[in-house]
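Trainee: Take this sequence and fold it.
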Amino acid sequence: MTNFSIDFVSPPTFDSLAVEVSFRSQLLCRIDRERKDGALEVEFFHLARALRDEVTMKFSLAEFLQVVEHASAELLAIPPASLSQEVP
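Mentor: Numbers count the residues shown, from 1 in each chain. Model (predicted):
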């Protein structure tokens, strides 16, 4: 997982945290669980940032799947937030 990284993010329009997966600092996707049933969804950002010349968007599928599984498990370990919760 040396070329991959995961970062937890809190988009202002989201109720819960999300996790972004990057490859060599290039954002690939964001995994969130904003659905009412708590299911995870993935959004790919293939056009979100300009690629640096030295970043080739080709990598091991097995390694990518391992990173996505790890990021998903980390996200599921965090209790989901709810708008219905009262703030003291």
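Trainee: can you pull the buried residues of stretch 27-42?
Mentor: Buried positions in stretch 27-42, judged by neighbour count with 16 or more other Cβ atoms under 10 Å: 27-33, 40. (C-beta placed from N, C-alpha, C; glycine too.)
Trainee: Show the average pLDDT along it.
Mentor: This predicted structure assigns stretch 27-42 an average pLDDT of 92.
Trainee: swap in stretch 65-74?
Mentor: Here the mean pLDDT over stretch 65-74 is 95, rounded to a whole number.
Trainee: Give me every residue in contact with it, excluding its own residues.
Mentor: With Cβ atoms under 8 Å, 6 or more residues apart in numbering as the test, stretch 65-74 has contacts from 1, 4, 6, 8, 19, 21, 29, 31, 40, 42.
Trainee: just how off-centre is that stretch within its chain?
Mentor: Mean-position distance between stretch 65-74 and its chain equals 9 Å (Cα atoms, centre = their mean, to the nearest Å).
Trainee: and it, C-alpha only, in PDB?
Mentor: Presented in PDB, the C-alpha positions along stretch 65-74 are these (Å, rounded to 0.1, in the frame of the first residue of the first chain):
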ATOM      1  CA  LEU A  65      -9.000  -3.900  -3.800                       C
ATOM      2  CA  GLN A  66      -7.000  -4.500  -0.600                       C
ATOM      3  CA  VAL A  67      -6.900  -0.700   0.000                       C
ATOM      4  CA  VAL A  68     -10.600  -0.300  -0.700                       C
ATOM      5  CA  GLU A  69     -11.400  -3.100   1.700                       C
ATOM      6  CA  HIS A  70      -9.200  -1.600   4.400                       C
ATOM      7  CA  ALA A  71     -10.700   1.900   3.900                       C
ATOM      8  CA  SER A  72     -14.300   0.400   4.000                       C
ATOM      9  CA  ALA A  73     -13.600  -1.500   7.200                       C
ATOM     10  CA  GLU A  74     -12.100   1.700   8.800                       C
END
